[in-house]
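# Here is my input, please return the structure:
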Amino acid sequence: MWKIPFTFFIILSAVICGLLFWQWDAYSKEMDQPVDRELASQKISIHTESDKLVITQKLSGLTGKKEIPFALPSGVTIWQCLLEDGRKCEKQEESVTSIKPDNKGNIQIQFTLPIKPNEKAFLFNQWLASFSNVDVTDTKVELTDSTKRNGTWAMGIPLIGNKKLDLIDYYVFEGQLANPSLYWQADSLVQEEVDSKLMIYSEQEGNLGQTFTSIQQISNRSHLTVVITNQLQEGNGNGIIITRPDIKPEMLEKKLLYSLLKLKFDNLPIEQSWLVDLHVSLLLNSQSQISKSNQVIQELKLKLTEEELESYLQTFLSEGNVYTPQKLDEILVKVMGKPTMFFEDNKNEDSNLVPLYFLEKRNISLKGKIQKDLHIIYMGDQKLFPFVETLSSLGFQVKVLSDNETLLLTKGLNSYRFYVNQNIFIYNEEDYGLLENPLTKLNETIYINYQWLTSLFNIQIDEDENTVYLKESTE
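Prediction:
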């Protein structure tokens, strides 16, 4: 009789295991799915009081399908959800960390930021709530000031209008940053609009716009607000820069250029961040504080003509995409018409400089057959062939010794010995001195100049528009 319960137990266990596996598999697949991000417009309302700012933040354009996690600004603990008409939402605990959009796709919350009544200036960088998996496409801020009317308000997005009324001052800012910095100073500052993307606030008016020609050439650049003041220490915010009145115009231009280019080199690893400094120095034709930048500048000036380097910089400024080492190489290829991996090879600041070279786009033919594994590189006025691969394809036995600096070649009764770092070679046990080293080592690959390839190994090189032909000379 015990066999029936035991069989039933086995079947039941199998069913339970199957259900558990199915649930786990479904859960795993759900977890592996990429999180859908939503786009939203953002409208901010700010009302000033003597000791605080009352912030109302509204997101519009959401799907309303699920709750969205959010985080309040640091130091803010009290908040409330508001309906479209300004009434409070249904009772909700302040400890809640997610909120669901209403049936129109809106989320609206209100909270306060404390400020010191006697403060001469303040800068808020992270002063808005952040919503997970939501990309804010545009931000509009309406600021109503009834308590700090003798001062100056500035933000990291453009000021599009302001009015001074009997009892209040009214400001409107609008731009594309999701969390633009907010600045206030007790003194009244002069506004100077250099262009639609650059606003300067300072104690006195000056014709600074003439010094910012390199900045104004940047395509699709982000808006920048510059506050020149002694009331707050120097620093960068989101779309805003605080600097001192005694700063020299050329240093201010460098600071602004660095901030703008840093946005275009977004999300670079720390070891590649020097590329921002490199291009600032190139554009301003100035010395860098970073050794790798100066090495690359010297290499570019050595291998490119002034016209080619200027063309590279103009193309760089006109590109609207985010820059990466690969993107910089694409710009260099566009200018020079030849493939290169110069910036990719040199992307890390602490790596040794790899000289600038270009790849031959044409096919390489040897003994009447296209050699897909062979390539030619151009470095300055040198045309270089990969030593081991080329000579091996021509029938030589090539051996690289363990020091990676000595090469032995044999073919028939002839033998050669070459040294990577010496201007000599040994042919059939006889030493021969050369005016220059025929070998060049790049990225652990050893190359030979085509002139030495022809003279030392009696190789004939012919070329047409599509192909470079190599063959042993019969002369």
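
# can you pull the contacts of the closest residue to residue 463 other than its chain neighbours?
Distances taken as Cβ to Cβ, 6 or more residues apart in numbering place residue 469 nearest to residue 463, at 7.0 Å, with adjacent residues excluded. Quick note: C-beta positions are derived from backbone N, CA and C, even for glycine. Counting by Cβ atoms under 8 Å, 6 or more residues apart in numbering, residue 469 makes contact with 365, 366, 461, 462, 463.

# Residue 333 too?
By Cβ under 8 Å, 6+ apart, the neighbours of residue 333 are 339, 340.

# element containing it?
Per DSSP states H and E: residue 333 is located in helix 325-336.

# Report the mean confidence score over that helix.
Across helix 325-336, pLDDT averages out at 95.

# just how off-centre is that helix within its chain?
A distance of 15 Å separates the centroid of the chain from that of helix 325-336, by Cα atoms, centre = their mean, to the nearest Å.

# Surely residue 396 and residue 408 touch.
No - in this structure residue 396 lies outside contact range of residue 408 using Cβ atoms under 8 Å: 9.9 Å.

# before we move on, the earlier item: name the next helix or strand downstream of the helix holding residue 333, please.
Next along from helix 325-336, by DSSP H and E: helix 342-345.

# same for the helix or strand that that following helix is followed by, what does it pack against?
Later in the chain than helix 342-345, the nearest helix or strand by DSSP H and E is strand 358-359. Helices and strands touching strand 358-359, as assessed by 3 or more Cβ pairs under 8 Å, 6 or more residues apart in numbering; DSSP states H and E, comprise strand 377-379.

# Pull out the buried positions in the strand it packs on.
Within strand 377-379, the residues that count as buried by 16 or more other Cβ atoms under 10 Å are 377, 378, 379.

# What are the contacting residues of it?
303, 338, 355-360, 383-384, 440, 442, 447.

# distance between the following helix or strand past it and the chain's centre?
Later in the chain than strand 377-379, the nearest helix or strand by DSSP H and E is strand 382-386. Distance, stretch centre to chain centre, for strand 382-386: 33 Å (Cα atoms, centre = their mean).

# partners of strand 382-386, with directions?
strand 377-379 (antiparallel), strand 445-449 (antiparallel) (DSSP bridges).

# Now distance to residue 314 and neighbour count too, for the contacts of strand 377-379, in TSV please.
Shown next, in TSV, are those (distance: Cβ to Cβ, whole Å; neighbours: other Cβ atoms under 10 Å):
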residue	distance to residue 314	neighbour count
303	18	20
338	19	14
355	24	16
356	19	22
357	23	22
358	20	19
359	24	14
360	26	18
383	28	17
384	29	25
440	31	18
442	29	15
447	32	25
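
# Quickly check the residues you listed for the two that are furthest apart.
338 and 440 (17.5 Å; Cβ to Cβ).

# Low-confidence regions, the stretch 101-250 of the chain specifically.
206-211 (pLDDT under 70).

# Repeat the analysis, applying 80 as the threshold.
Residues of the stretch 101-250 of the chain meeting the criterion pLDDT under 80: 204-213, 219.

# What segments of it are strands?
107-114, 121-124, 130-131, 134-145, 152-155, 159-164, 169-175, 182-185, 190-195, 198-202, 224-228, 235-236, 240-243 (DSSP state E, counting those that start in this stretch).
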